[in-house]
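Chemist: take this sequence and fold it.
(one chain, ligands or ions: 1)
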Amino acid sequence: MEENIIRTDIPYTYQMTLQDLIHLRQRYSFLSLGFYGQSVMGKKIPYMRIGNGQRQVFYSASIHANEWINTIVFMKFIEDFCIAYEENTDIFGYSARKIYSDSSIFIAPMVNPDGVDLVLNNISHDSFYYTNAVAIAEKYPNILFPSGWKANINGVDLNLQFPANWEEARKIKFEQGFTGPAPRDFVGYGPLTEPESLALYDFALERNFRLLLTYHTQGKIIFWRYLNYEPVGAEKLGEEFAKISGYTLDDTVETNSFAGYRDWFVATYNRPGYTVETGEGENPLPITQFDEIYRDNLGILVRAAVEEE
Ligand SMILES: [Zn+2]
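Modeler: Here you go, the predicted structure:
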């Protein structure tokens, strides 16, 4: 029995994430490791593909920098799936090999690598980007630095960058005082101005995703609606996710959430897209919550890949 690759007791920097994705790929040759874009600082943004089936689904995590705990959830999921595949066993009650042949799970464990590294104090204090981030943070003294940082390294909130009522998001956030680069809530000077958000957008356009999971922290809540869109099967599957995880399925029609990746996906494709807010407390959630978060979410990650009956 080989030792596990993925650690669940420490935060994952970009470098660790990349290294362990490479290790996973080396040990499990049936995985495909790819890169769908680059960050502002030039880090290649990785994704892992599990499976070669028709049902393509996309899971993304850590679009918000201080929500890095979900990166580890995805890393651990990849490894657990691979172990089940090798041993030809079930994972959360489903045959790993059947999922592999029916589905293609695209997993982007860290879509905002510069931001995560900033929060984890893993960017050289001498670098231009660090100095610039400090200058941005100083304008928002009420937001802790770097632990309150959600944006990319330019101070743009990547989840307010998508062409789904972006103007509306801009209006709301400007009224709240986020009119320029900030640790969170700045929508940018236009939609898709940041390489990380543009890369996510292109990634979806180039494929045919049946379903999207976007992982955030915190609140133990799952969102499935966007405005008046009600994609076929989305509510029912959301109810299943809630049951599996013990999280609450939010049923209100959001009136003040626009320009997010999931918003754009649902509005563009009218297919199921979910925001999962894992864990409870103040971001960044402590690593001590990892085991519980993973236990609660493993079923969602498996179930979302399975074709509806
Ligand atoms: Zn978030």
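
Chemist: mind listing the helices in the chain by residue range?
Modeler: Counting by DSSP state H, the chain has these helices, from start to end: 14-27, 69-87, 96-102, 113-119, 128-138, 166-175, 195-205, 234-245, 261-269, 290-303.

Chemist: got the buried residues for the last one?
Modeler: In this case it means helix 290-303. Buried residues in helix 290-303, counted by 16 or more other Cβ atoms under 10 Å: 290, 293-294, 296-303. C-beta coordinates here come from the backbone N, C-alpha and C atoms, glycine included.

Chemist: looking at those residues, which one is closest to Glu86?
Modeler: Set against Glu86, the nearest of the buried residues of helix 290-303 by Cβ to Cβ is Val302 (16.3 Å).

Chemist: can you list the residues of this protein near the ion?
Modeler: By Cβ under 5 Å from the ion, the residues of the chain that approach the ion are 64, 67, 216.

Chemist: neighbour-wise, which one of the residues you listed leads?
Modeler: Highest neighbour count within the residues of the chain next to the ion: His64, with 27 neighbours (other Cβ atoms under 10 Å).

Chemist: separation between it and Gln56?
Modeler: For His64, the distance to Gln56 (Cβ to Cβ, to the nearest Å) stands at 24 Å.

Chemist: would you mind finding the most buried of the helices of the chain?
Modeler: helix 113-119 (a mean of 29; mean count of other Cβ atoms under 10 Å).

Chemist: quick one: residues in contact with that helix.
Modeler: 12-14, 17, 39-41, 43, 45, 62, 64-66, 68, 71, 110, 123, 129-130, 133, 146-147, 149-153, 158, 196, 284 (Cβ atoms under 8 Å, 6 or more residues apart in numbering).

Chemist: try 6 Å this time
Modeler: Residues outside helix 113-119 that contact it (Cβ atoms under 6 Å, 6 or more residues apart in numbering): 13-14, 39-41, 43, 62, 65-66, 68, 110, 123, 133, 146, 149, 152-153.

Chemist: now that helix: average pLDDT?
Modeler: For helix 113-119, mean pLDDT is 98.

Chemist: same check on stretch 169-180?
Modeler: If you average the pLDDT over stretch 169-180, you get 96.

Chemist: stretch 273-292 now?
Modeler: Averaging pLDDT along stretch 273-292 yields 98.
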